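# Next input, structure requested:
(4 chains)
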2 protein chains.
Amino acid sequence: MNRPTITDIARLLQLNPSTVSRALNNHPDVSPETRNRVQELAQELGYAPNQLAVNLRKRHSGLIALLVSEMNMFFNPSVFRAIEQEVYANGYHLIILQSNNTLIREKQNVQICRQLAVEGVLVSLASEAQELSHFAPLLDQKVPVVFFDRILPQNHSCSVTIDDVEITRLAVQHLADKGHRRIGGLFGDPNLTITRERFRGFKQVLQELDIPFEEKHIAFAQDSEQGSQQALKIMEQAPAITAFFTMSDELMVGAVQAIEQKRLRIPEEIAIIGISDGFAPEFYNPKITHIRHSGYEVGAEAARLLLGVIREEIKDPLHVQLECRLVELGSV
Amino acid sequence: MNRPTITDIARLLQLNPSTVSRALNNHPDVSPETRNRVQELAQELGYAPNQLAVNLRKRHSGLIALLVSEMNMFFNPSVFRAIEQEVYANGYHLIILQSNNTLIREKQNVQICRQLAVEGVLVSLASEAQELSHFAPLLDQKVPVVFFDRILPQNHSCSVTIDDVEITRLAVQHLADKGHRRIGGLFGDPNLTITRERFRGFKQVLQELDIPFEEKHIAFAQDSEQGSQQALKIMEQAPAITAFFTMSDELMVGAVQAIEQKRLRIPEEIAIIGISDGFAPEFYNPKITHIRHSGYEVGAEAARLLLGVIREEIKDPLHVQLECRLVELGSV
DNA sequence: AAGGTTTGTGCAAACGTTTGCTGTGGAAAA
DNA sequence: TTTTCCACAGCAAACGTTTGCACAAACCTT
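Okay, here's the model as predicted:
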């Protein structure tokens, strides 16, 4: 009762395995009559090709790997869904590898990609990754790699990000439009491009607005918990601030927690604006005004780029920056 | 500049490929001296075994599939993280297949599992799945399957759920203890065991408490949006209710939205208690009292069971029910 | 010293496909 | 009728490993 193979079908039909193979793949070299006989029997036996053998023979795996730091709720599930859908629609399958933000796991994962002969890799870097040399084993083998979300500047592959400077400008400008001039800022891991860019944007806009930048108004934090602590610290060191800018959902949650702990009312006593790719802003009352970027679009675009590179339709490293929009809710 | 193979190493070292293979796998039949020579050269060449060939030869893929309805934020990412970690730690890799809650995709995904020769499958059913016959192709081939979270009663494989009746009892009992006797209930897809069980628990507890069950106090909803509408409807049809029970995070979000829309204060004017495996209860102010079950534990247990079945340590279908606890916050 | 055992290596088949090449019979062209 | 060509099917090698078996040499037994 084992799975039928091409050879089984060949034996039953007094044919050569090669003919059966061609028949199943609708190769023109096989007569319509035999093709039908083969396909009918295959159907009847519930034949499904042994993908393992196909893979070996064709020297590819049909797999695309997603290397990601971790599956937290703020790694927008829609990024994920978009990638899966795009990949699935093109006949590939997705395998997920988490780095837990460690470099060592990321290196291992690269090796795994190589061993499994994955045909493309989507990467959102671990925060420990300071450079990209550990991707060499893949690039050497000409395995297409697309970086997204958390990237590093010195990359020679495609990448998908959002225009971090612009997005931050949008947020801070909005605060300024509403009269805020003493603005606290909460930023993520300072090693990541995303953080550096948003921080740069923040300072740049302040300068344009003739608002002096003050160290004590800003802080860096790795997660929601730290974000909350840092927000508290800022409010204590600089009680005069009238608004917070947070560069991610995690930090938004942290900031709101700190604000509630301080028993300040939003937006009357303190305003908050953030950058969000999740549902967090909708959870609160009032809902948090934010710059929304579509996680779905990031995922979809990254997957599309990767597929383009795999099909050799895209030759040169493309760096896509997605646009975002201000969503005015009640927190400013 | 191609990847070196075992045959390359053999040629370079004037050995037979079989010896090289054994050397690399630390087979005792090979002398320490040759083993070292082989391993050193392998290291030097950056040899990595061609997993595709290994798979074919060993007739397994090292893959475990996760069949899931969709990657929404309420499919607790920690379930996911737990599964990935457990699977990874045991040398397997995870491939994700989404059904988008449709039966047709679920069937396709089962076929894909078969073709890829996955060694085990973790399933949280699509809501369209009313029975399990489409898993026959896997079960026929003795591919281990473990159902979790969204299951159906008539399954002969292992499953991991929580004790839905008990969990609901805990919640409703808590409301009753606080004096509530007119309780609204929001439930999910009535086709799913999880819903039926929780609904059964709900009615059962009401009966034990001598509270008459009223149709107009309860509703079923598929998502957060519908949940909100249904909650509104309940509050209009039965304005006397003093508390809501919600069986999932989605519905909790919906209910809170409805309550806020009605401008009722929690918990003074209306109480709410829910079952949660996510962060939703923590988002609100006051935080929502809930029964917490650990998504991480569900995922980890499901993965452990699956690995047990794969290793043939577990022979009979085990049905694990995880325990939960009441988290008293400010909404009751 | 004859026999037996151990140790290390090689040979070849197998896993299930795919594919370039060869070969056949018959139809079309000369 | 002979030649040319085409449609169709078979043969065999290949993808890179793993593994049962055979075998030689060296090592122990009596």
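# Please list all residues in contact with the residue of the stretch 151-300 of chain A at minimum distance from chain B.
Proximity of the stretch 151-300 of chain A to chain B (CB to the nearest CB) peaks at residue A:283, 3.8 Å away. To be clear about C-beta, it is placed using only N, CA and C from the backbone, and glycine gets the same treatment. With contact taken as CB atoms under 8 Å, 6 or more residues apart in numbering or on different chains, residue A:283 is in contact with B:253, B:280, B:283-284.
# again, 10 Å this time
Going by CB atoms under 10 Å, 6 or more residues apart in numbering or on different chains, residue A:283 touches A:252-253, A:256, B:253, B:256-257, B:279-280, B:282-284.
# from those residues, which are also near DNA strand D?
The subset of the contacts of residue A:283 within reach of DNA strand D, by CB under 7 Å from any atom of the strand, is empty.
# most surrounded residue in those?
Among the contacts of residue A:283, residue A:252 has the most neighbours (other CB atoms under 10 Å in any protein chain shown), with 31 neighbours.
# re the thing from before, look up phi and psi at the residue of the stretch 151-300 of chain A closest to chain B.
Per-residue torsions, residue A:283: phi -80, psi -30 (degrees, to the nearest 10).
# Looking at it now. What's its pLDDT?
Residue A:283 is assigned a predicted lDDT (pLDDT) of 76.
# what do you get for residue A:139?
pLDDT for residue A:139: 89.
# burial count for it?
Using other CB under 10 Å, residue A:139 has 16 neighbouring residues.
# My guess is it contacts residue A:156. True?
Yes. Look at residue A:139 against residue A:156 with CB atoms under 10 Å: they come within range, at 8.0 Å.
# Give me the common contacts of these two.
Listed as contacting both residue A:139 and residue A:156 by CB under 10 Å, 6+ apart are A:132, A:145.
# And the residue of the stretch 1-150 of chain A that's closest to DNA strand C?
Per CB to the nearest atom of the strand, residue A:18 is where the stretch 1-150 of chain A lies closest to DNA strand C, at 2.6 Å.
# Tell me, how many residues neighbour that residue?
Using other CB under 10 Å, residue A:18 has 13 neighbouring residues.
# residue contacts, it?
With CB under 10 Å, 6+ apart, residue A:18 has these contacts: A:6, A:10, A:27, A:29-30.
# Identify, from those residues, the entry nearest to DNA strand D.
Of those, the one sitting nearest to DNA strand D (CB to the nearest atom of the strand) turns out to be residue A:30, at 4.0 Å.
# how much space is there between the closest one and residue A:50?
Using CB to CB, to the nearest Å, residue A:30 is found at 20 Å from residue A:50.
# After the helix or strand of chain A with the lowest mean pLDDT, which helix or strand is next?
Ranking every helix and strand in chain A by mean pLDDT, DSSP states H and E puts helix A:280-283 at the bottom, with a mean of 82. Reading on from helix A:280-283 to the C-terminus, the next helix or strand found by DSSP states H and E is strand A:290-292.
# so after that following strand, what's the next helix or strand?
helix A:295-310.
# And that next one, what's buried?
A:295-310 (16 or more other CB atoms under 10 Å in any protein chain shown).
# now stretch A:3-23
By neighbour count with 16+ other CB under 10 Å, stretch A:3-23 contains the buried residues A:3-6, A:8-10, A:13, A:15, A:19-23.
# again with stretch A:215-223
When burial is assessed from 16+ other CB under 10 Å, stretch A:215-223 yields the following buried residues: A:217-221, A:223.
# Could you do stretch A:127-147 as well?
For stretch A:127-147, the neighbour count (16+ other CB under 10 Å) marks A:127-129, A:132, A:134-135, A:137-139, A:143-147 as buried.
# got the CA positions of the least confident helix or strand of chain A in CSV?
Taking C-alpha atoms only, helix A:280-283 is exported to CSV below (Å, rounded to 0.1, in the frame of the first residue of the first chain):
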residue,chain,number,x,y,z
ALA,A,280,-2.4,48.9,18.4
PRO,A,281,-3.6,52.4,17.7
GLU,A,282,-7.2,51.2,17.4
PHE,A,283,-7.1,49.5,20.8
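# Where does pLDDT dip in chain A?
Applying pLDDT under 70 to chain A picks out residues A:1, A:72-75.
# Pop the domain breakdown of it in here.
Domain ranges of chain A: A:6-49, A:58-162+A:296-324, A:164-294, per automatic domain parsing.
# Dump those domains into a markdown table; add distance to residue B:171 as well.
Compiled in a markdown table, the domains of chain A are given as follows (distance: least, CB to CB, whole Å):
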| stretch | distance to residue B:171 |
| --- | --- |
| domain A:6-49 | 46 |
| domain A:58-162+A:296-324 | 23 |
| domain A:164-294 | 21 |
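# Of those, which is nearest residue B:165?
Ranking these by proximity to residue B:165 (CB to CB) places domain A:58-162+A:296-324 first, at 28.2 Å.
# how distant is that closest one from the center of its chain?
Centroid separation between domain A:58-162+A:296-324 and its chain, computed with CA atoms, centre = their mean, to the nearest Å, is 8 Å.
# same check, this time on stretch A:263-275
Centre-to-centre, stretch A:263-275 and its host chain are 29 Å apart (CA atoms, centre = their mean).
# Any buried residues in stretch A:33-52, and which?
Buried residues in stretch A:33-52 (16+ other CB under 10 Å): A:35, A:37-39, A:41-42, A:47-48, A:50-52.
# give me every residue that touches the closest residue to residue A:41 other than its chain neighbours.
Leaving aside its sequence neighbours, residue A:41 sits nearest to residue A:9 (CB to CB, 6 or more residues apart in numbering or on different chains; 5.7 Å). Applying CB under 10 Å, 6+ apart, we find residue A:9 in contact with A:15, A:17, A:19-21, A:23-24, A:37-39, A:41-42, A:44-45, A:47.
# gap between residue A:9 and DNA strand D?
Per CB to the nearest atom of the strand, to the nearest Å, residue A:9 is found 11 Å from DNA strand D.
# how about the helix or strand that residue falls within against DNA strand C, any contact?
Counting by DSSP H and E, the element that carries residue A:9 is helix A:6-13. Yes. Against DNA strand C, helix A:6-13 shows contacts by CB under 7 Å from any atom of the strand at A:6-7.
# The helix or strand just after that helix to helix A:6-13, inter-axis angle?
The helix or strand immediately downstream of helix A:6-13 is helix A:17-24, counting by DSSP H and E. Inter-element angle recorded for helix A:17-24 and helix A:6-13: 100 degrees (by axes from the mean of the first three to the mean of the last three CA atoms, to 10 degrees).
# Say whether DNA strand D is contacted by helix A:17-24.
Yes. Residues of helix A:17-24 contacting DNA strand D under CB under 7 Å from any atom of the strand: A:17-19.
# tell me which of those residues is nearest to chain B?
For the residues of helix A:17-24 next to DNA strand D, with chain B as the reference and CB to the nearest CB as the criterion, the closest is residue A:17, at 15.6 Å.
# helices and strands around the helix or strand in which residue A:174 is found, which ones?
Using DSSP H and E, the secondary-structure element containing residue A:174 is helix A:164-177. Applying 3 or more CB pairs under 10 Å, 6 or more residues apart in numbering or on different chains; DSSP states H and E, we find helix A:164-177 packed against strand A:183-187, helix A:193-208, strand A:243-246, strand A:271-276, strand A:290-292, strand A:319-322, strand A:325-327.
# ok now the fifth one, how far from the chain's centre?
Spelled out, it's strand A:290-292. 17 Å.
# I am finished for the moment; much appreciated.
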